[in-house]
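S.K.: sequence unknown, structure follows:
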């Protein structure tokens with residue numbers, strides 16, 4: 001497997017730096033329980049989008065979006081020394097829709113399973129006493145082609 005590309009390394013570094021800053025240094029009461037899920041950079045490395053998820057309702061999500069948007073400057077200054085780039089990528093925040101999509105898919109699967117008229121039966125549990133011992137050669141006699149002693 002080849003080494004990760006520069007873009008992938010930068011995305012990983014940015015995710016760690018942004019998440020660390022948000023969790024440890026950002027003291028805004030509008031921010032709920034937020035998680036930076038991933039960071040994607042443009043091909044020219046001039047823009048990066050940090051995707052986040054937040055626990056709570058739509059109002060908490062909007063407040064968190066405003067707080068993160070207002071904290072772009074301090075966050076960019078925090079990760080700038082680690083990047084060692086001539087031009088720092090411009091930071092954008094976006095709510096991660098994948099978590100919501102996953103929740104919808106889980107609900108659909110749960111609904112389909114509950115409405116299934118004939119659920120498949122559970123497979124029978126293995127009986128350890130019924131397993132045959134490979135050292136016991138008596139089981140060969142039942143096949144008819146094993147030699148009699």
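M.R.: Perfect, I can see it now. Only a predicted model underlies this, so the values are computations on that prediction, with no experimental measurement involved.

S.K.: element containing the residue nearest in space to the middle of the chain?
M.R.: The structure's the chain has its C-alpha centroid closest to residue 37; by C-alpha atoms, centre = their mean the separation is 7.1 Å. Using DSSP states H and E, residue 37 sits in strand 34-41.

S.K.: Run through the neighbouring helices and strands of that strand.
M.R.: The contact analysis (3 or more C-beta pairs under 8 Å, 6 or more residues apart in numbering; DSSP states H and E) places strand 34-41 against helix 6-24, strand 47-54. All C-beta spots, glycine's among them, are computed from the backbone N, C-alpha and C.

S.K.: Can you find the helix or strand in the protein with the smallest mean pLDDT?
M.R.: When each helix and strand of the chain is scored by mean pLDDT, DSSP states H and E, helix 138-141 comes last, with a mean of 55.

S.K.: Any stretches of the protein with poor pLDDT?
M.R.: 1-3, 118-149 (pLDDT under 70).

S.K.: circling back: out of the helices and strands packed on strand 34-41, flag the one nearest residue 71.
M.R.: For those, the distance to residue 71 is smallest for helix 6-24, at 7.9 Å, taking C-beta to C-beta.

S.K.: close enough to count as contact, the residue nearest to the centre of the chain and residue 95?
M.R.: No - between residue 37 and residue 95 there is no contact under C-beta atoms under 8 Å: 9.8 Å.

S.K.: Show me the common contact partners of these two, please.
M.R.: 51-53 (C-beta atoms under 8 Å, 6 or more residues apart in numbering).
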